[in-house]
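J.: Just to be clear, the model below is a prediction. Sequence and coordinates:
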2 protein chains.
Amino acid sequence: MNESENNRTPIGSFGKFGLITHLTEKTVLRNSTTVSGIGDDSAIIDSGEGLTLVSTDLLLEGIHFNLVYTPLKHLGYKAVIRAISDIYAMNGTPGQVLIGLGISSRFSVEQIDDLYEGINLACTKYKVDLAGGDITSSLTGLTIGATGIGKAEKGSIVRRNSAKPNDLICVTGNFGASFMGLQVLERERKLFDKDKAFKPDLSGYEYIIERQLKPELPEDLFARLKDANILPSSMIDVSDGLASDLLHVCRLSGTGCRIYSSKIPIDSETCKASEEFNLDPLIPALNGGEDYEFLFTVPLENAEKIRSIPDVTLIGHMTTIDLGNYLVSEEETEIELKAQGWEKA
Amino acid sequence: MNESENNRTPIGSFGKFGLITHLTEKTVLRNSTTVSGIGDDSAIIDSGEGLTLVSTDLLLEGIHFNLVYTPLKHLGYKAVIRAISDIYAMNGTPGQVLIGLGISSRFSVEQIDDLYEGINLACTKYKVDLAGGDITSSLTGLTIGATGIGKAEKGSIVRRNSAKPNDLICVTGNFGASFMGLQVLERERKLFDKDKAFKPDLSGYEYIIERQLKPELPEDLFARLKDANILPSSMIDVSDGLASDLLHVCRLSGTGCRIYSSKIPIDSETCKASEEFNLDPLIPALNGGEDYEFLFTVPLENAEKIRSIPDVTLIGHMTTIDLGNYLVSEEETEIELKAQGWEKA
């Protein structure tokens, strides 16, 4: 009855961020308690003494996970990680998660128990409370809505839009591992699909598969930055890919950037798997996504202090916007950074 | 790989509340800011001066809506209503919503614009801010995660678990309209499916169809209760059905109840449609669900005051738990209340 329509702009014609901008440009904020709405990792609510942060994510079967190789316990764990990552990314402290579940009848209670075991494990590890949610039936796959709640002191929030030219670009951990873990899992799944007697051999890929199936967050970072008296000038959690998320910070901050390919931290297992798939390891590192690492910027004068913090790597610096966004290769050629893949400048 | 399993308890063997209880019985609350977690309409977070309420719901295509007869604008509107209803039900004031969207490629940008138009309309009407969310692709249908955020003063929160024997059971509005609206829409859809030239005739059902497609909340209630100096002893939003939600309050409060069939408010259009479907109108009124009305209890001494509040009906009273949960018919027979349907006592 409302299926006919003359105007059809395909949904894919906007990128994710473009679509969000398009849909929300008419959004008006009315309530004085809404400190900040769309456009950052979490919404910021003024709750009187401090700030409350709330963030929500959807995890959909077939898009975010494939149950052929994703144990439900790990999936529950990851749902919590996803919810609280957005709270950490604002320099907040996560306190609660709410989990909404859409379950089809093909699931048993024991399977959902496994999912909750993972949820509870992650809650214990990251000291957050499972404080509510919703359970409903689903006609299709498993649907998970993961809402994270946290708090922050006024003045300590770190946004995406506040990096400055000359700020140093820092990242935690390493990149591309989760994406290459997924490629290995997918390769084995296809072989298994063709021949059910096939025994998947995942040895030698333990680290990258764990990064895909049961990621952890570098939560120590925040205490270390605080101890070193460093307040980042901007921050984002890297979930869409290092390049995409860095470009997002640049766009919102009105800066350009230079990052150095030789500086981007990549694990040896990621390199090994990339080689097998005939990929330059920089491709998964820049565009893979689901890294659950943090990218943040600090003023230049923090350079010495930052180098003393374990597990943090300086990969480049912000520039004025007119200098564009570039990856500098080991041969000193500059390649324009794009959200997906990149082209020679 | 993880599909084989020996123990399989069908998910349907627990009711919704039973499943939630089963899954969350091991949940431990660690953070002092978590005032209350699972088991109420919203999570309650201590935010210093006041309380922050957060609630989350999933709306899934094929379960919660059918796009053949649900305009996307109305669906967006309803998603906001759903999110904030849980905040009102705690006697809180909603301030923000976050909307997570899973969209398959069959949707156009114009369709999603319609959805957002409805979201924005409801935000304007109910004075809440769209403060964030998530957009992702979906392999199957449209998925909406609706998170509501609100605030409440300490001491003014109304829970589900605090009704007392002899408290009066009050409801807003009327019941069963949304369910009967859905039956009419489904009947016309089936005729349309058989014969595409068929023109659905929905005249005479405008009210019940609007209750299904574009529900409103009786938000005035809360100011009126406050003006009359009445603090309900318990409250819940009626989304699963009047019987199911009342029983839920009884279970959590440790009470029984008596409600009177002649007192249950039912609109004349609901009665007319019920007759056409050969249903006793009490069936949709008690078990239909999606009413977006509120059920609350007040101490007996508020009886006079409550009668002066427009659009509120007294339908019965709480009892001690040993007296059970009963519907008293016009012939004074007592019928045991069940979450779905009921049996003679």
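T.: Received it, and whenever you're ready, just let me know what you need.
J.: For chain A, just list every one of the strands.
T.: Counting by DSSP state E, residue ranges of the strands within chain A are A:34-36, A:43-46, A:51-60, A:93-103, A:129-137, A:143-152, A:168-172, A:234-238, A:255-260, A:293-298, A:312-320, A:325-328, A:334-337, A:342-344.
J.: now the ones you listed in CSV, with distance to A:Lys305, mean neighbour count and mean pLDDT?
T.: (Each C-beta comes from the backbone N, C-alpha and C, glycine too.) As requested, the strands of chain A are arranged in CSV below (distance: least, Cβ to Cβ, whole Å; neighbours: other Cβ atoms under 10 Å in any protein chain shown; pLDDT from 0 to 100):
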stretch, distance to A:Lys305, mean neighbour count, mean pLDDT
strand A:34-36, 28, 19, 70
strand A:43-46, 27, 25, 76
strand A:51-60, 26, 26, 92
strand A:93-103, 22, 26, 92
strand A:129-137, 33, 23, 86
strand A:143-152, 22, 27, 93
strand A:168-172, 10, 24, 98
strand A:234-238, 16, 25, 95
strand A:255-260, 20, 21, 98
strand A:293-298, 8, 26, 98
strand A:312-320, 10, 20, 98
strand A:325-328, 24, 20, 96
strand A:334-337, 27, 16, 94
strand A:342-344, 31, 11, 32
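J.: Please convert the ones you listed to TSV, extending it with distance to B:Leu279.
T.: Shown next, in TSV, are the strands of chain A (distance: least, Cβ to Cβ, whole Å):
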stretch	distance to B:Leu279
strand A:34-36	44
strand A:43-46	43
strand A:51-60	36
strand A:93-103	29
strand A:129-137	23
strand A:143-152	32
strand A:168-172	60
strand A:234-238	51
strand A:255-260	64
strand A:293-298	57
strand A:312-320	65
strand A:325-328	63
strand A:334-337	63
strand A:342-344	63
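J.: Dump these into JSON lines; add distance to chain B as well.
T.: Listed next are the strands of chain A as JSON lines, based on distance: least, Cβ to the nearest Cβ, whole Å:
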{"stretch": "strand A:34-36", "distance to chain B": "4"}
{"stretch": "strand A:43-46", "distance to chain B": "4"}
{"stretch": "strand A:51-60", "distance to chain B": "4"}
{"stretch": "strand A:93-103", "distance to chain B": "4"}
{"stretch": "strand A:129-137", "distance to chain B": "4"}
{"stretch": "strand A:143-152", "distance to chain B": "4"}
{"stretch": "strand A:168-172", "distance to chain B": "22"}
{"stretch": "strand A:234-238", "distance to chain B": "13"}
{"stretch": "strand A:255-260", "distance to chain B": "23"}
{"stretch": "strand A:293-298", "distance to chain B": "18"}
{"stretch": "strand A:312-320", "distance to chain B": "25"}
{"stretch": "strand A:325-328", "distance to chain B": "23"}
{"stretch": "strand A:334-337", "distance to chain B": "23"}
{"stretch": "strand A:342-344", "distance to chain B": "23"}
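J.: and B:Leu242, which of these is closest to it?
T.: Counting by Cβ to Cβ, B:Leu242 lies closest to strand A:129-137 out of the strands of chain A; the figure is 19.1 Å.
J.: Please name the strands paired to the closest one in the sheet, noting orientation.
T.: Using DSSP bridges, strand A:129-137 pairs in its sheet with strand A:93-103 (parallel).
J.: quick check: angle from the partner strand to strand B:51-60?
T.: Angle, strand A:93-103 to strand B:51-60, by axes from the mean of the first three to the mean of the last three Cα atoms, to 10 degrees: 30 degrees.
J.: Return the alpha-carbon coordinates of strand A:93-103 using CSV.
T.: What follows is strand A:93-103 as a C-alpha-only set of coordinates in CSV (Å, rounded to 0.1, in the frame of the first residue of the first chain):
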residue,chain,number,x,y,z
THR,A,93,33.9,5.4,32.7
PRO,A,94,31.4,2.8,31.6
GLY,A,95,29.0,1.7,34.4
GLN,A,96,26.1,-0.2,32.8
VAL,A,97,25.0,-2.0,29.7
LEU,A,98,21.5,-2.8,28.5
ILE,A,99,21.1,-5.7,26.1
GLY,A,100,18.2,-5.9,23.7
LEU,A,101,17.8,-9.4,22.1
GLY,A,102,15.7,-10.5,19.1
ILE,A,103,15.7,-14.3,19.0
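J.: Also compute the angle for it relative to strand A:143-152, please.
T.: 170 degrees.
J.: Check chain A and tell me which residue is nearest its centre.
T.: With distances taken as Cα atoms, centre = their mean, the residue of chain A nearest its centroid is A:Ser239 (2.0 Å).
J.: contacts for stretch A:116-130?
T.: In this structure, residues lying in contact with stretch A:116-130 by Cβ atoms under 8 Å, 6 or more residues apart in numbering or on different chains are A:71-81, A:84, A:94-99, A:148, A:216-217, A:219, B:23-24, B:26-31, B:34, B:37-38.
J.: Now do the helices in the stretch 51-200 of chain A.
T.: Assigned by DSSP state H, counting those that start in this stretch, the stretch 51-200 of chain A shows helices spanning A:72-88, A:109-125, A:177-194.
J.: could you say what helices and strands the first one packs with?
T.: Packing contacts for helix A:72-88, counted by 3 or more Cβ pairs under 8 Å, 6 or more residues apart in numbering or on different chains; DSSP states H and E, involve strand A:51-60, strand A:93-103, helix A:109-125, strand A:143-152, strand A:234-238.
J.: can you give me how far the first one is from the chain middle?
T.: So the one you mean is strand A:51-60. 12 Å (Cα atoms, centre = their mean, to the nearest Å).
J.: Close to chain B: what parts of the stretch 151-300 of chain A are there?
T.: A:151, A:189, A:192, A:200 (Cβ under 8 Å from any Cβ of the partner chain).
J.: mind running it again at 7 Å?
T.: The stretch 151-300 of chain A comes close to chain B at residues A:Lys151, as judged by Cβ under 7 Å from any Cβ of the partner chain.
J.: for the stretch 151-300 of chain A, which spans come out with low pLDDT?
T.: Counting by pLDDT under 70, the stretch 151-300 of chain A contains no low-confidence range.
J.: Kindly report the domain assignment for chain A.
T.: Domain assignment of chain A by automatic domain parsing yields the ranges A:30-152, A:168-344.
J.: most tightly surrounded among those?
T.: Comparing the domains of chain A by mean neighbour count (mean count of other Cβ atoms under 10 Å in any protein chain shown), domain A:30-152 ranks first with a mean of 22.
J.: Tabulate the domains of chain A (JSON lines), appending distance to B:Arg160.
T.: Below are these laid out as JSON lines (distance: least, Cβ to Cβ, whole Å):
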{"stretch": "domain A:30-152", "distance to B:Arg160": "12"}
{"stretch": "domain A:168-344", "distance to B:Arg160": "34"}
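J.: Quick one: closest of these to B:Ser55.
T.: Closest to B:Ser55 of these is domain A:30-152 (Cβ to Cβ; 6.8 Å).
J.: distance between the closest one and the chain's centre?
T.: Going by Cα atoms, centre = their mean, the spacing between the C-alpha centre of domain A:30-152 and its chain's C-alpha centre is 13 Å.
J.: what do you get for stretch A:310-328?
T.: On the basis of Cα atoms, centre = their mean, stretch A:310-328 sits 19 Å off its chain's mean C-alpha point.
J.: Now the terminal residues of that stretch, how far apart.
T.: This stretch, stretch A:310-328, spans 24 Å end to end (Cα to Cα, to the nearest Å).
J.: what sits up against it?
T.: In this structure, residues lying in contact with stretch A:310-328 by Cβ atoms under 7 Å, 6 or more residues apart in numbering or on different chains are A:163-173, A:218, A:247, A:250, A:254-261, A:263-265, A:297, A:306, A:334-337, A:342, A:345.
J.: wait, which of the helices of the stretch 51-200 of chain A is closest to B:Thr136?
T.: helix A:72-88 (11.3 Å).
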